[in-house]
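J.: mind looking at a prediction? Sequence and model below.
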Amino acid sequence: MAEQVIRWVTPVAPGRLQDPHFKRVLAEMDTEPGGNAYVPFARLPMVHFASLTVFDRELLLVFESNIDEPLPEYVRRLVAVGRRGLDLIYHGTPNYPPPGAGNAEVERFFRELKAGTNLYHIGHPDRTVQEIKGDVELRRSIAHALETEPELQKMLRERSPAAIVREIRRRTKSPPIWFWQRRRPWNRAWEGASPDPPTPLDAIGWERDTWSWPKWFGRFVTLVGIAWLIAISLVVLLNPLISPRVLILLETVAVFVLIRGGSSYAPIARSIVLALFFAGLVGMPFLFKVVVDLLPRLWGLAAGILVVPGLMLLTLLYMLWQLMVSDPRPVPPDVMRRVPQLLEEEDLYEKNSHYNHVAGLSELKSRFRRLRAIRSRLGMELLNLFYRTEFVKGRLVTIPSIHFAQWSIVNNRYLLFVTNYDGPADSYLDDFFNALAFGVAFIWQDTEIFPTSIEPRRLKLWVREGQTLASVRYRAPVYDGLTVTAINNNLYIRKRLLRGRGEASARRWLRRFATTPEKPGLVAQLTKWTKELVDVRD
């Protein structure tokens, strides 16, 4: 089951913020989020991260979860293990069942809440908690064997990288698989804390793993379909002014620039292939004379198709114009006075943990608020199609530290942003604003306190002006000390162990353990080949 991000936003009952019992429950949960007496998240094996954030000014409670099970199953397990805490937290919330109600009514309450997001990012998509744990233990076992077993150490000195990989593959009984198949390592000893010493290689088992490419393919087809309709409509509308061939060439260049601009670390060859593939899709209909003859009659349909993209383009141009001509919104004096206190709170928040969390609720501008909500929602949905198709290998553009992030419109009035990431807040914000300043402006331009600036220092002050620290934060134990980069590195080790072939692949695989033998020179390679040819033994 692919990972998913959900959030439940509910009003806080009047007077609850002043209720010491309510605050005490949240404080006790945050002290021991995995094993508290109210909602013990550690008993929910499908949960990667979870948080509860109270927005005092707006009187809203946000319950965020990152899970790898279907929502109904998660709700059922959540109510079963956390009914006591849920009753205490949601007491007085409109439509929440009374204390004597059955679990089924509480499950119905959560299922009927809006849980989806308009835009999200997952740094390690399509991985369950158990799969991440299995990859960690597989890496530990292989690294331990390479460091301690004399036979493998001798092979590191004398044999080729491919021979070493074949030996480890033999010991782990790694099953040969085709490119469409997936297997994951597992051993029952991994269900709790990591075993010490690590599991022997011959004790590792392999289980069939799920494959979620149909969802990715569906997003890809949808994205290409939308782009195809826009491109065809432009050809129809501009046919009297520009030759279809010239326009298709310009659209191909635009697709290439979009892919490269959004994912500059992607191979250039792939960007060229995708752009040419798109050019073929757009140009194919115009090979038929009947289509060319119909162009004058399709003008109205083409104009209708371009209404929404045209509005998105106009809002983008308006945003750029505002950034150029507007002075940045001044930082309120009370915010400047509170910055030292905010930084101190962040330090306490981050203490003894490399993992962090940010939540922000920004109010949309009151003028034309409903139109702004529609614009923001459509813009984020279009971005989501692109992001969830292109950024599926860990990074969000160039940012490698985000586990989960989500944006959504709440009650047609607020823009909610929640993220879980590695490292301190200051370095994360630097990465975020250096890589995504224009994207931040595009998403938040309709909110009240956005500073109308893309200068990173000013944006960091804006974040601290509007952020709210979570009352409860939980992460699955497997994430202790585990960064997004490490998770994806472990996945690479598993995949290359199952599928890798040849010396180059083996060398890259061993490099992940920082034990790669130096590549032998040409003379050494010729000598080794000659010895093998005549079967010479030292």
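T.: Structure received. Owing to the predicted nature of the structure, the values given are computational and were not obtained by experimental measurement.
J.: how much space separates the residue nearest to residue 398 when sequence neighbours are not counted from residue 258?
T.: Excluding its sequence neighbours, the residue lying closest to residue 398 (Cβ to Cβ, 6 or more residues apart in numbering) is residue 435, at 4.7 Å. (Glycine included, C-beta is placed from N, CA and C.) Taking Cβ to Cβ, to the nearest Å as the measure, residue 435 falls 16 Å from residue 258.
J.: where's the closest residue to residue 460 other than its chain neighbours, which helix or strand?
T.: Among residues not flanking residue 460 along the chain, residue 429 sits closest, at 5.0 Å (Cβ to Cβ, 6+ apart). In the assignment (DSSP states H and E), residue 429 maps to helix 425-444.
J.: gap between that helix and the chain center?
T.: 15 Å (Cα atoms, centre = their mean, to the nearest Å).
J.: next, the buried residues of it.
T.: Within helix 425-444, the residues that count as buried by 16 or more other Cβ atoms under 10 Å are 425, 428-433, 435-437, 439-444.
J.: cool, and stretch 415-427?
T.: For stretch 415-427, the neighbour count (16+ other Cβ under 10 Å) marks 415-425 as buried.
J.: just send those residues back as a markdown table, with secondary structure too.
T.: Listed next are those as a markdown table, based on DSSP: H, G, I helix; E, B strand; the rest coil:
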| residue | secondary structure |
| --- | --- |
| 415 | strand |
| 416 | strand |
| 417 | strand |
| 418 | strand |
| 419 | strand |
| 420 | strand |
| 421 | strand |
| 422 | strand |
| 423 | coil |
| 424 | coil |
| 425 | helix |
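J.: will you turn the residues you listed into a markdown table that also has pLDDT and distance to residue 194?
T.: Listed next are those as a markdown table, based on pLDDT from 0 to 100; distance: Cβ to Cβ, whole Å:
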| residue | pLDDT | distance to residue 194 |
| --- | --- | --- |
| 415 | 94 | 40 |
| 416 | 94 | 36 |
| 417 | 94 | 34 |
| 418 | 93 | 29 |
| 419 | 91 | 27 |
| 420 | 91 | 22 |
| 421 | 89 | 24 |
| 422 | 87 | 20 |
| 423 | 79 | 23 |
| 424 | 77 | 26 |
| 425 | 76 | 29 |
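J.: helices of the stretch 51-200 of the chain, start to end?
T.: Using DSSP state H, counting those that start in this stretch, the helices assigned to the stretch 51-200 of the chain run over residues 71-89, 103-112, 129-148, 150-158, 161-171.
J.: pull the longest helix from this protein.
T.: Ranked by number of residues, the top helix in the chain under DSSP state H is helix 213-238.
J.: number of nearby residues for residue 291?
T.: 14 (other Cβ atoms under 10 Å).
J.: ok, now which ones touch it?
T.: Counting by Cβ atoms under 8 Å, 6 or more residues apart in numbering, residue 291 touches residue 285.
J.: quick check: which element contains it?
T.: Residue 291 belongs to helix 289-294 when elements are defined using DSSP H and E.
J.: pLDDT of the next helix or strand after that helix, averaged?
T.: For helix 289-294, the succeeding helix or strand toward the C-terminus, using DSSP H and E, is helix 299-305. The average pLDDT within helix 299-305 is 82.
J.: buried sites along the helix or strand that helix 299-305 is followed by?
T.: Next in sequence after helix 299-305, counting helices and strands by DSSP H and E, comes helix 307-325. Neighbour counts over helix 307-325 (16+ other Cβ under 10 Å) mark 309, 312, 315, 319, 323 as buried.
J.: cool, stretch 368-387 as well?
T.: For stretch 368-387, by 16+ other Cβ under 10 Å, it's 372-373, 375-380, 382-387.
J.: show me the chain divided up by domain.
T.: 1-116, 134-210+481-503, 213-325 (automatic domain parsing).
J.: out of these, nearest to residue 449?
T.: Nearest of the domains of the chain to residue 449, taken as Cβ to Cβ: domain 1-116 at 11.9 Å.
J.: start to end distance for stretch 253-271?
T.: Using Cα to Cα, to the nearest Å, one end of stretch 253-271 lies 10 Å from the other.
J.: before we move on, back to that, got a pLDDT number for the residue nearest to residue 460?
T.: Model confidence at residue 429, given as pLDDT, is 80.
J.: residue 535 too?
T.: Note on residue 535: pLDDT of 46.
J.: residue 118 too?
T.: In this model, residue 118 carries a pLDDT of 91.
J.: can you give me the neighbour number for it?
T.: Neighbours around residue 118, by other Cβ under 10 Å: 20.
J.: now do the contacts for it.
T.: Shown in contact with residue 118 (Cβ under 8 Å, 6+ apart): 376-377, 380-381, 384, 407-409.
J.: 7 Å - rerun?
T.: 377, 380-381, 384, 407-409 (Cβ atoms under 7 Å, 6 or more residues apart in numbering).
J.: apart from its chain neighbours, what residue comes closest to it?
T.: Nearest-residue entry for residue 118: residue 380, 3.9 Å, with adjacent residues in sequence omitted and distances by Cβ to Cβ, 6+ apart.
J.: for residue 439, see how far away the one you found is.
T.: Using Cβ to Cβ, residue 380 is found at 10 Å from residue 439.
J.: check residue 222 too.
T.: Plainly put, residue 222 is 21 Å away from residue 439 if you go by Cβ to Cβ.
J.: next, count neighbours for the closest residue in space to residue 40 that isn't next to it in sequence.
T.: Of all residues not flanking residue 40 in the chain, residue 81 sits nearest, at 6.0 Å (Cβ to Cβ, 6+ apart). Counted with other Cβ under 10 Å, the neighbours of residue 81 add up to 17.
J.: how close does residue 81 sit to residue 36?
T.: Using Cβ to Cβ, residue 81 is found at 11 Å from residue 36.
J.: for residue 220, same thing?
T.: Note on residue 220: its distance to residue 36, by Cβ to Cβ, is 42 Å.
J.: more neighbours: the two, which one.
T.: For residue 220 versus residue 36, the count of surrounding residues by other Cβ under 10 Å is larger for residue 36: 19 against 15.
J.: wait, is that one part of a helix?
T.: No: counting by three-state DSSP, residue 36 falls outside a helix, being coil.
J.: report pLDDT for it.
T.: Confidence for residue 36, expressed as pLDDT, is 94.
J.: gap between the closest residue to it other than its chain neighbours and residue 472?
T.: Spatial nearest neighbour of residue 36, excluding adjacent residues (Cβ to Cβ, 6+ apart): residue 29 at 4.8 Å. Look at residue 29 and residue 472: by Cβ to Cβ, they are 5 Å apart.
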